[in-house]
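Q: sequence unknown, structure follows:
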């Protein structure tokens with residue numbers, strides 16, 4: 001179990017990342033790709049990526065990157081720099097700028113549990129050519145494994161952020177932390193990450209905690225091993241039906257004309273329910289906004305959920321509805 005220890009200042013400085021983190025998604029997708037765990041929502045993605053990496057040229061290009069990201073256990077902290085919250089290129093630049101002593105430390109730690117290819121030794125010495133090869137392979141892999149699916153990844157993360165924002169509005173930071181159950185448990189200034197692969201404590205010491213919702217994160221949240229780095233906890237989000245390339249819908253259009261067409265397709269009330277869920281709303285809020293009964297609101301959200309346009313999450317006595325990628329595409333088409 002991982003125990004994250006908060007002070008009162010840490011509670012005030014805890015926040016959720018503003019968007020999906022492209023470097024974390026890259027690294028965690030590598031773990032899922034090589035692991036034994038089979039998620040049916042990712043089966044099509046895995047098959048496609050396996051085909052892409054099957055030829056000899058691709059295998060050599062990604063050999064070091066794959067070795068640095070084993071499916072289980074430790075992986076180097078320097079691969080997921082804090083700067084990646086500012087975007088993919090900022091993250092790559094931070095990886096390239098990793099101090100040699102920190103890179104060597106991480107690679108020695110990784111080599112204790114996993115055999116590493118010969119280029120890892122050159123990387124540990126800070127040889128620029130090998131470091132650039134690593135970041136180039138990260139960029140190439142990202143273009144294959146993450147970029148084509150980015151709209152769906154973003155939609156899943158945004159749906160989760162809507163849940164956390166509501167929890168924050170209702171209960172402050174403590175409400176936000178409590179909303180992370182059942183995989184985590186918060187009480188009396190301690191956030192416990194259940195089923196964590198080892199037992200340790202992380203004392204925030206006034207630095208706060210950055211919560212990073214992630215599409216490719218496995219069921220168990222991830223934290224950096226080095227306690228001196230800015231504290232980050234990456235946790236899994238609902239994958240909202242899995243992955244598939246997104247083209248066409250959702251790329252603009254005429255909002256006013258679209259709303260009329262949507263109303264003609266779904267009916268005015270059901271179209272209004274879908275629009276109300278754009279920023280996330282509970283069944284009671286749907287009823288109040290549209291001046292309909294709670295039973296009617298529940299019926300409409302059930303129909304939209306069964307059609308794959310909404311996803312619903314129960315939290316105690318309320319149910320929060322958010323759009324799926326398909327629902328957003330229908331709304332924005």
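A: It's in. Since we're looking at a predicted model, the values are computed, not measured.
Q: Just want to check the distance between residue 107 and residue 181.
A: From residue 107 across to residue 181, the span is 36 Å (Cβ to Cβ, to the nearest Å). Backbone N, C-alpha and C define where each C-beta goes, glycine included.
Q: For the stretch 1-150 of the chain, which segments are assigned as strands?
A: Applying DSSP state E, counting those that start in this stretch to the stretch 1-150 of the chain gives strands spanning 2-5, 15-16.
Q: do you know which of those lies nearest residue 59?
A: strand 2-5 (34.4 Å; Cβ to Cβ).
Q: Can you point out the buried residues in that closest one?
A: Across strand 2-5, burial judged by 16 or more other Cβ atoms under 10 Å covers 2, 4.
Q: could you list every residue that touches the nearest residue to residue 227 once chain neighbours are set aside?
A: Nearest residue to residue 227, sequence neighbours excluded (Cβ to Cβ, 6 or more residues apart in numbering): residue 202, at 6.0 Å. Residue 202 makes contact with 2, 3, 4, 5, 223, 227, 231 under the criterion Cβ atoms under 8 Å, 6 or more residues apart in numbering.
Q: try 7 Å this time
A: 2, 4, 5, 223, 227, 231 (Cβ atoms under 7 Å, 6 or more residues apart in numbering).
Q: coming back round to it: residue 107 and residue 181 - which one has more neighbours?
A: Legend: neighbour count by other Cβ atoms under 10 Å for residue 107 and residue 181, higher for residue 107 (18 against 11).
Q: Distance of the more buried one relative to residue 116?
A: 7 Å.
Q: Just give me the neighbour total for residue 149.
A: Residue 149: 22 neighbours (other Cβ under 10 Å).
Q: How much space separates the closest residue to it other than its chain neighbours from residue 19?
A: Nearest residue to residue 149 in three dimensions, chain neighbours excluded: residue 243, at 4.8 Å (Cβ to Cβ, 6+ apart). When distance is defined by Cβ to Cβ, residue 243 is 18 Å away from residue 19.
Q: Neighbour count for these two, which is higher?
A: residue 243 (23 against 15).
Q: how about the helices in the stretch 1-150 of the chain?
A: Along the stretch 1-150 of the chain, counting by DSSP state H, counting those that start in this stretch, helices occupy 8-12, 22-34, 43-52, 56-61, 63-67, 88-96, 100-111, 119-124, 128-145, 150-178.
Q: Quick check: which of those helices is buried the most?
A: Among those, helix 22-34 has the highest mean neighbour count (mean count of other Cβ atoms under 10 Å), at a mean of 22.
Q: name the helices or strands packed onto it?
A: Helices and strands touching helix 22-34, by 3 or more Cβ pairs under 7 Å, 6 or more residues apart in numbering; DSSP states H and E, are helix 88-96, helix 128-145, strand 210-214.
Q: Residues touching the second one, excluding its own?
A: Spelled out, that is helix 128-145. 22, 26, 29, 49, 52, 61-62, 64-65, 88, 92, 95-96, 119, 122-123.
Q: Point out where the stretch 151-300 of the chain drops to low pLDDT.
A: Along the stretch 151-300 of the chain, the model assigns pLDDT under 70 to residues 244-265.
Q: of the contacts of helix 128-145, closest to residue 238?
A: Of these, the one sitting nearest to residue 238 (Cβ to Cβ) turns out to be residue 29, at 16.7 Å.
Q: got a list of what that closest one touches?
A: Contacts of residue 29 by Cβ under 7 Å, 6+ apart are 145, 146, 216.
Q: List the single closest residue to the most centrally placed residue in the chain in space, sequence neighbours excluded.
A: The centre of the chain sits closest to residue 214, judged by Cα atoms, centre = their mean, with a distance of 1.1 Å. In space, and not counting its chain neighbours, residue 214 is closest to residue 234: 4.9 Å by Cβ to Cβ, 6+ apart.
Q: need the contact list for the nearest residue to residue 236 once chain neighbours are set aside.
A: Nearest-residue entry for residue 236: residue 217, 4.1 Å, with adjacent residues in sequence omitted and distances by Cβ to Cβ, 6+ apart. By Cβ under 7 Å, 6+ apart, the contact list for residue 217 reads 28, 234, 235, 236.
Q: Got the phi and psi for residue 217?
A: Dihedral angles of residue 217 (phi, psi; degrees, to the nearest 10) stand at phi -60, psi 130.
Q: thinking again about what came up before, what lines up beside the strand or helix carrying the residue nearest to residue 227 in the sheet?
A: In the assignment (DSSP states H and E), residue 202 maps to strand 200-203. For strand 200-203, the pairing partners within the sheet under DSSP bridges are strand 2-5 (parallel).
Q: what sits up against the partner strand?
A: Contacts of strand 2-5 (Cβ under 7 Å, 6+ apart): 189-193, 196, 200-204, 209, 223, 233.
Q: that older thread, okay, and the beta partners of the residue nearest to the centre of the chain?
A: In beta-bridge terms (that is, DSSP bridges), residue 214 pairs with residue 236.
Q: Next one: it from residue 192, what distance?
A: For residue 214, the distance to residue 192 - Cβ to Cβ - is 19 Å.
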